Structures are given as C-alpha cells and as structure tokens.
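Asker: Sequence plus the predicted model coming up.
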Amino acid sequence: MTDNRIVRSVLVLVAIFTIVSTFTFGQAAQELPVNLPVSGYQVVKVFPHDSNAFTQGLEISDGVLYEGTGLNGRSSIRRVKLETGEVLQRRDVPAQHFGEGITIWKSDLIELTWQSEIAIVYDKATFDERRTLKYGGEGWGLTHDSTSLIMSDGTEWLRFLDPTTFAERRRVRVVAGTAPLRRLNELEYVKGEVLANIWTTDYVARIAPDSGRVLGYIDLSGLLSGSERPSDGVLNGIAYDAQRDRLFVTGKLWPKLFEIKLTSKGR
C-alpha cells in the first residue's frame, strides 16, 4: 500500500470513529427519561490530577485515595496524595491486560480487567498480587456494599458477587422508566445507592441496588472547561469518603479532580 493510500485509510478510520462516537453520545443523552429528577453540583474544592492517567476506577478508603488506570501497556493501580495529585505508590499491570474499575474490600484492592475476564486481587498496603479471580464477559466498574462486590460490564446489568470467590449471588437489570440503561461504567456505592458513570456522557445515574431502578441523574456537564478536556477525556471516576461525607469525581486524562456537593436542579 502506498503512503498516500495509508494516509487516506487512516483518515477514513478517524472519520468513522468520530461519527460513531458522536452518535453514541447523542444516543446516550436521548436515553435519559425526562420524568426523572436531575441533580446539579457545586464545586467545593479542586485538586491536581495526573493528566496522563486514563482513569478507570477511583476509591477512597480510610482517607487514602486509590486510582486504577487503563489502556494496554499503560494500566496501573496507584495510591495518590489527594492534595497534590502526587503518585505515592504505583504498580503497573501486565501489558496484556486493560485495567478497569477498582474497589477496596477489607485488606484487598480488587481490579477488574476489560476483556481478560479476570480480576486481580492485590494487598491494599503493599500492592503485592495475591490471586486472580475469573468472571465471564467484560469488566467495567466495581464497587461494594456491606456484603457484596457490585460489578458493571457495559450492559444494563449489575452483578452482585461474593468478595472472596467472585461467585455471582444475584444480578439486577438497571431500568430508567421502562427502558434499560446501558453503558454503566465506573461505580461507587453512596448512602444506599449505586452511582454509575454513563459512558461517553457527563451524566451519573443514581440506582437503587435492590431493584435496579434509576432514581435520577447527576448532570456534571461543564465541570472541566473544554480547553482543558482532551477529545477522549470522558467523565469517569467517582470516589466517596464516607468518614467525612465527601464526594469526588474526575475523568480520563483530566488535569483536575473535583470535590463536589450535589444541588437540586429539577428537570
């Protein structure tokens, strides 16, 4: 293939990707029923964030910020100093795995992988690998309640898993009104609700974990200015500090991490 043909082929692929991405975003926005409440936000504080971090999972445990990043050959788990964004501890994930959501369960840090169908379990303190656990399908987001891990896989289903064996205890279908809500990505369990980033949008869904019913949305549009936001820098990353009742959000490749408070917005 000549150089000109290669260039043309690349440009065609880029154009197709742009069209698909635009359609996906618009489709996701149309899936948000108008009869559900929408919360806004107030920025409490802004913190630095590594703009090279392709954020897949965010967690605060005992006041410590943990982050999981993605992409093959760039995936890692990290302990981060919240105030400065400094990476205090890091372990890279083998290049064949695309890191996804993380959560802390007791002394374990558990990380999903996108298509490898394994979860990697690390020691929370040392980041030493303890074991791997198998699951079927894709891994997207991960959080937990008091008894189970809660996992998303890109569909409208949430799986509730045994934290030790990853055996599936139950699953719920996430429904907004009468329509299934798909592309549930990074998860966080907050005050009895599952918060889920809706991939490629600036919306977070508030989900009742017992029924899967969508209770409402959080509209985080405008959080990061357009000049600071890369083209592939979608919102992704929710962490809740239960000890101090603080909610944090960020996105892939974002230079900032935000502490926010939710506000009433209406619909």
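Answerer: Good, I have the coordinates.

Asker: What residues of the strand ranked longest in the chain count as buried?
Answerer: Ranked by residue count under DSSP state E, the longest strand found in the chain is strand 38-48. Using 16 or more other Cβ atoms under 10 Å as the burial criterion, the residues of strand 38-48 that qualify are 38-41, 47. To be clear about C-beta, it is placed using only N, CA and C from the backbone, and glycine gets the same treatment.

Asker: Neighbours of the residue nearest to residue 124 when sequence neighbours are not counted, how many?
Answerer: Spatially, and ignoring its direct neighbours in sequence, residue 124 is nearest to residue 109 (4.7 Å; Cβ to Cβ, 6 or more residues apart in numbering). Close neighbours of residue 109, defined as other Cβ atoms under 10 Å, add up to 25.

Asker: Also residue 156?
Answerer: Neighbour tally, residue 156, other Cβ under 10 Å: 18.

Asker: Next up, the contacts around the residue nearest the centre of the chain.
Answerer: With distances taken as Cα atoms, centre = their mean, residue 186 lies nearest the centre of the chain, 2.1 Å away. Counting by Cβ atoms under 8 Å, 6 or more residues apart in numbering, residue 186 makes contact with 55-58, 101, 140-141, 196-197, 236-238.

Asker: what's the most distant pair in the residues you listed?
Answerer: Largest separation among those by Cβ to Cβ: 55 and 196, giving 14.8 Å.

Asker: hmm, back to that, the helix or strand just after the longest strand of the chain - which strands sit beside it in the sheet, and in what orientation?
Answerer: Per DSSP states H and E, strand 38-48 leads on to strand 55-61 as the next helix or strand towards the C-terminus. With DSSP bridges as the test, strand 55-61 is paired with strand 64-69 (antiparallel).

Asker: quick check: angle from the partner strand to strand 38-48?
Answerer: Angle, strand 64-69 to strand 38-48, by axes from the mean of the first three to the mean of the last three Cα atoms, to 10 degrees: 100 degrees.
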